[in-house]
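Participant: Generate coordinates for the sequence data below:
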Amino acid sequence: MVNLFRSLRGQLSATIISILALGLGLLLLMAGTQMARMTLDSFTHEQQVTALLLANTFSETMEQPQAAQIMALWSAHRDQWRRELPADTNLSIFDTSGTLLASSATGDVTLTVSMAGLLAGDVVSHRSGERLTTAVPVHNEERGVLGVLQIDSSLAPMQTQLWERWLALIGVTIATLLLTLVITLWLAAQMTRPLAELRGVAEQMSEGRLDARVEIDDSVSELASLGTMFNHMAGRVETMIQEQRDFVANASHELRAPLAAMKLRAEILASQKVSDEQAREYASEINEEVSQLADLVGDLLQLSRAESGVFNPPQYPLSVADELAICVRSARLRAAERGQQITVEIAAHIPDAYIAPSDLAIMVGNLLDNAIKYSPQGGTIRLGAEWHDGHLEIVVSDNGIGIPPGDISRVNERFFRVDRAHTRSVPGSGLGLALVTAVARQYGGELQIRSSGVPGEGTQARLLLIETARKTREL
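Facilitator: The predicted structure is shown next:
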């Protein structure tokens with residue numbers, strides 16, 4: 001029972017029932033009070049009507065005030081009024097001075113109301129303990145008020161009737177509460193069922209079933225939206241974990257080959273069975289492998305930093321033209337070794353931008369490096385930069401081997417490399433474009449790759465950067 005009230009279903013049901021019980025209790029109190037007042041008013045009205053009818057009946061008898069005749073007339077009519085009045089109803093007759101003329105009650109009987117009001121023609125009722133008394137004047141058309149007729153009745157029958165009505169009202173209230181409890185439990189079960197399913201799917205995912213999903217039905221729209229968002233989140237989590245697994249597998253593959261080569265050369269050097277010239281060659285190769293591993297680790301660290309979601313906008317703007325010139329000067333040294341030309345077309349109206357120099361160097365440097373590696377000897381590489389509608393656009397194009405259309409959607413993935421026979425000897429880890437994409441996202445930008453896949457027509461890489469850092473500082 002305790003666990004039930006700790007659950008959302010139990011708490012929801014208890015809250016609804018408590019509020020409804022409080023409302024029905026107040027309604028019961030108000031309705032019962034009104035019912036008691038109306039019952040008393042009805043009983044008083046019936047007694048007044050009976051008294052008036054009796055007064056009309058006794059109007060001529062009062063002219064001959066003989067007690068025996070009056071009581072005989074009351075006895076004759078008692079059975080007629082028994083349905084309207086209790087059996088212990090007493091009748092008393094007084095003259096205009098308040099003197100008792102006749103009474104069906106035993107003991108002393110007095111007039112309990114003011115005579116002045118009765119002589120004026122009023123009908124007066126009042127409650128005294130457990131009895132109700134009504135007094136009415138007895139009129140004669142010629143002589144006016146002849147006396148006063150007083151009726152007093154026990155309230156016990158009315159109390160009994162009122163108690164029966166109270167019991168009926170309480171019974172209806174309890175029945176309503178029980179019916180409401182059943183409906184509330186059913187509704188709470190229907191409302192919390194999607195949450196229970198959500199919890200079950202979450203437990204399945206925690207146990208490794210990443211493909212588990214919540215079934216969306218036509219339940220409460222908010223819960224259906226929650227289920228949809230949970231499924232979306234689960235899909236993202238599954239994708240991220242799969243990417244992590246692929247990343248570990250690819251990183252292990254990229255690291256295994258150079259480490260194995262270095263280990264083999266180191267073992268040969270340790271055996272001291274090689275000539276000095278071959279030893280120097282092995283040492284040089286080990287040094288190259290270490291440099292490649294250092295570059296790979298550096299790229300992995302930069303990629304992890306860019307994808308961490310932690311981004312500190314630069315505090316000072318930089319000259320985009322000057323920074324691009326630095327990137328081009330560094331790339332020209334590598335391009336010159338292959339006899340390639342780099343042309344630069346930078347628009348004059350580009351303003352200073354809040355972009356970190358290292359981030360711009362990473363993005364432009366990797367795009368130029370890819371263009372150099374995949375362009376033929378003597379090829380041409382073009383770098384252009386313009387400012388359009390609040391964002392910086394940098395385009396790097398070449399006339400190299402291009403990218404097959406089927407691979408364009410994957411070139412931004414980590415460790416992905418185009419599978420072509422004449423690209424297998426091209427150095428690189430396949431992290432360049434993934435790193436460019438991750439850094440561009442920090443600035444609200446994106447990397448767009450276009451290529452026909454026809455060798456000689458090359459590839460165009462379009463980098464769009466939105467200056468969110470500048471807008472944030474200005475706000």
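
Participant: Check which helix or strand the residue nearest to residue 361 when sequence neighbours are not counted maps to.
Facilitator: Distances taken as CB to CB, 6 or more residues apart in numbering put residue 327 closest to residue 361, at 5.9 Å, once the chain neighbours are dropped. Any C-beta I mention is one placed from the backbone N, CA and C, and that applies to glycine too. Element membership for residue 327, per DSSP states H and E: helix 320-337.

Participant: CA atoms only for that helix - export them in CSV, please.
Facilitator: The C-alpha coordinates for helix 320-337 follow below in CSV (Å, rounded to 0.1, in the frame of the first residue of the first chain):
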residue,chain,number,x,y,z
VAL,A,320,40.2,37.3,-42.2
ALA,A,321,42.2,38.3,-45.2
ASP,A,322,45.5,38.3,-43.2
GLU,A,323,44.8,35.0,-41.6
LEU,A,324,43.9,33.4,-45.0
ALA,A,325,47.1,34.7,-46.4
ILE,A,326,49.1,33.0,-43.6
CYS,A,327,47.2,29.7,-44.4
VAL,A,328,48.0,30.0,-48.1
ARG,A,329,51.7,30.7,-47.5
SER,A,330,52.0,27.6,-45.4
ALA,A,331,50.2,25.5,-48.1
ARG,A,332,52.2,26.9,-51.0
LEU,A,333,55.3,25.1,-49.6
ARG,A,334,53.6,21.7,-50.0
ALA,A,335,52.1,22.7,-53.3
ALA,A,336,55.4,23.8,-54.8
GLU,A,337,56.8,20.3,-54.2
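
Participant: just checking, what packs against the helix or strand containing residue 279?
Facilitator: Here residue 279 sits within helix 276-307, counting by DSSP H and E. Applying 3 or more CB pairs under 8 Å, 6 or more residues apart in numbering; DSSP states H and E, we find helix 276-307 packed against helix 221-271, helix 432-442.

Participant: Mind listing residues that contact the last one?
Facilitator: Same thing as helix 432-442. Residues from elsewhere that reach helix 432-442 (CB atoms under 8 Å, 6 or more residues apart in numbering): 299, 302-303, 306-307, 311, 359, 362-363, 366-367, 369-370, 411-416, 446-447, 449, 461, 463-465.

Participant: Now, the residues you listed that are in helices?
Facilitator: Secondary structure from DSSP state H places 299, 302, 303, 306, 307, 359, 362, 363, 366, 367, 369, 370 of these in helices.

Participant: hang on, isn't residue 109 packed against residue 98?
Facilitator: No. Using CB atoms under 8 Å as the test, residue 109 is too far from residue 98 to be in contact (11.2 Å).

Participant: okay, those two: which has more neighbours?
Facilitator: The residue with more neighbours, out of residue 109 and residue 98, is residue 109; 18 against 14, by other CB atoms under 10 Å.

Participant: Surely that one forms part of a helix?
Facilitator: No. If the criterion is DSSP: H, G, I helix; E, B strand; the rest coil, then residue 109 is coil and not within a helix.

Participant: contacting residues around stretch 161-169?
Facilitator: 28, 31, 32, 35, 36, 39.

Participant: Give me the distance from that stretch to the chain's centre.
Facilitator: 46 Å (CA atoms, centre = their mean, to the nearest Å).

Participant: repeat for stretch 374-391
Facilitator: 48 Å.

Participant: circling back to that earlier point, contact partners for the residue nearest to residue 361?
Facilitator: Taking CB under 8 Å, 6+ apart as the test, what residue 327 contacts is 360, 361, 364, 365, 368.

Participant: Next one: residue 441 from residue 447, what distance?
Facilitator: 9 Å (CB to CB, to the nearest Å).

Participant: pLDDT weak spots in the protein?
Facilitator: Scanning the chain for pLDDT under 70 picks out 1-9, 58-85, 217-223, 243, 247, 250, 253-254, 307-309, 417-429, 467-475.

Participant: Show me the domain layout of it.
Facilitator: 2-162, 221-307, 320-474 (automatic domain parsing).

Participant: Adding secondary structure and distance to residue 434, write the contacts of stretch 161-169 out as TSV.
Facilitator: As requested, the contacts of stretch 161-169 are exported to TSV (DSSP: H, G, I helix; E, B strand; the rest coil; distance: CB to CB, whole Å):
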residue	secondary structure	distance to residue 434
28	helix	71
31	helix	74
32	helix	77
35	helix	80
36	helix	83
39	helix	86
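
Participant: For residue 283, which residues are in contact?
Facilitator: Counting by CB under 8 Å, 6+ apart, the residues that residue 283 touches are residue 269.

Participant: Going by how many neighbours each has, rank residue 441 and residue 447 and give me the top one.
Facilitator: Taking neighbours as other CB under 10 Å, residue 441 and residue 447 compare with residue 447 leading, 23 against 15.

Participant: leaving aside the residues next to it on the chain, what's closest to the more buried one?
Facilitator: Residue 447 sits nearest to residue 437 (CB to CB, 6+ apart), 4.9 Å away.

Participant: what residues are up against residue 330?
Facilitator: By CB under 8 Å, 6+ apart, the neighbours of residue 330 are residue 365.

Participant: and stretch 342-362, which residues are buried?
Facilitator: 342, 346, 350, 353, 354, 355, 356, 359, 360, 361, 362 (16 or more other CB atoms under 10 Å).

Participant: now swap in stretch 200-220 and tell me
Facilitator: 201, 205, 210, 212, 213, 214, 216.

Participant: so how far is residue 416 from the second one?
Facilitator: Spelled out, that is residue 205. 27 Å.

Participant: what's the answer for the fourth one, then?
Facilitator: In this structure, residue 212 and residue 416 are separated by 28 Å, where distance is defined by CB to CB.

Participant: And for the fifth one?
Facilitator: When distance is defined by CB to CB, residue 213 is 28 Å away from residue 416.

Participant: Wasn't residue 343 part of a strand?
Facilitator: Yes. The assignment for residue 343 (three-state DSSP) places it in a strand.

Participant: Now the closest residue to it other than its chain neighbours: which helix or strand?
Facilitator: Excluding the flanking residues, the one nearest residue 343 by CB to CB, 6+ apart is residue 382, at 5.0 Å. For residue 382, the host element (DSSP H and E) is strand 380-388.

Participant: next structured bit after that strand?
Facilitator: Next along the chain from strand 380-388, counting by DSSP H and E, comes strand 391-398.

Participant: what comes into contact with that next one?
Facilitator: Residues outside strand 391-398 that contact it (CB under 8 Å, 6+ apart) are 320, 324, 350, 353, 355, 363-364, 367-368, 371, 374-375, 379-387, 445, 458-467.
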